[in-house]
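K.L.:
Fold the following.
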Amino acid sequence: MLQIGLTGGIASGKSTVVAMLRQLGAGIIDCDQLAHDVVRPGSFGLKEVAEAFGPQVLCADGSMDRAYMGRVVFGNKEKKAQLEGILFPLIQREIDNKIEIIKTKKENPVIFLDMPLLFEIKYDSYVDEAWLVYVDPATQLSRLMARNHYTRDEAMARIHAQLPIDTKRSLAQVIIDNTGSLEDTEEQVRYEWRELMKRIQSGE
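P.N.:
Model prediction:
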């Protein structure tokens, strides 16, 4: 079964495209949700994180203090790599489990891995192809500021924490341009889906 990495930049509208693909019949694996699941209260993953970074990573309710962990790893490559070394194998196992479930049900012709940091963590080498939900940098900035009520500097800091959207565009095999209207985006998604089904049926 074909596995496609679906990604985008912050505020690019990836969730909108995910909903469209799900409606068309795609199997969707929400990798962000899996990343949350592996550190849910009482989980092995959270226990490992607490042992590595100290009990201060835990909130009073037993959940992970994400704001604290963000401060710990931000700008610290060693700490970031240490955290990823704990979490990535657990997330990968969950992804594999979800893939097997979708394959067993035989209800979906293709699996999309909804993964915001697909290129940043170089996971694109593990999928058959990569799709990008794209908006131009100026639109990305204005949408993020409007959506999250960020100042320009706050929005730019979050955008710069990811690969530039135009760099991602150069790495993806399929581009869904979400700069225009919702109708324009849906038309592109439906077109790419039809082309994808043709490729699957022809065995390409």
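
K.L.:
Quick check: mean pLDDT of the longest helix seen in the chain?
P.N.:
Ranked by residue count, the top helix of the chain under DSSP state H comes out as helix 77-105. For helix 77-105, mean pLDDT is 93.

K.L.:
After that helix, which helix or strand is next?
P.N.:
Per DSSP states H and E, the first helix or strand lying C-terminal to helix 77-105 is strand 110-114.

K.L.:
Quick one: list the elements packing against that next one.
P.N.:
Packing contacts for strand 110-114, counted by 3 or more CB pairs under 8 Å, 6 or more residues apart in numbering; DSSP states H and E, involve strand 2-8, helix 14-24, strand 27-30, helix 31-37, helix 77-105. C-beta here means a position set from N, CA and C on the backbone, and glycine is covered the same way.

K.L.:
Show me which of the ones you listed has the highest average neighbour count.
P.N.:
Of these, the one with the most neighbours on average (mean count of other CB atoms under 10 Å) is strand 2-8, at a mean of 22.

K.L.:
now it against strand 110-114, angle please.
P.N.:
30 degrees (axes from the mean of the first three to the mean of the last three CA atoms, to 10 degrees).

K.L.:
Need the residues that contact strand 2-8.
P.N.:
Here strand 2-8 makes contact (CB atoms under 8 Å, 6 or more residues apart in numbering) with 14, 17-18, 21, 99, 109-119, 123-124, 126-134, 165, 168, 172, 178, 196, 200.

K.L.:
What separation is there between residue 81 and residue 121?
P.N.:
Counting by CB to CB, to the nearest Å, the gap between residue 81 and residue 121 amounts to 11 Å.

K.L.:
Check the burial of the residue nearest to residue 173 when sequence neighbours are not counted by counting its neighbours.
P.N.:
In this structure, residue 173 finds its nearest non-sequential neighbour in residue 129, 4.3 Å apart by CB to CB, 6 or more residues apart in numbering. By other CB atoms under 10 Å, the residues close to residue 129 number 14.

K.L.:
Next, the contact list for residue 129, please.
P.N.:
In this structure, residue 129 makes contact with 2, 4-5, 173-174, judged by CB under 8 Å, 6+ apart.

K.L.:
Bridge partners for it, pull those for me.
P.N.:
Beta bridges link residue 129 to residue 4 when assigned by DSSP bridges.

K.L.:
quick one: pLDDT of it?
P.N.:
Per the predicted model, pLDDT is 96 at residue 129.

K.L.:
do the same with residue 150
P.N.:
For residue 150, pLDDT reads 92.

K.L.:
Tell me how many other residues surround it.
P.N.:
Residue 150 has 17 nearby residues by other CB under 10 Å.

K.L.:
Would you quantify the distance from it to residue 179?
P.N.:
As judged by CB to CB, residue 150 and residue 179 stand 20 Å apart.
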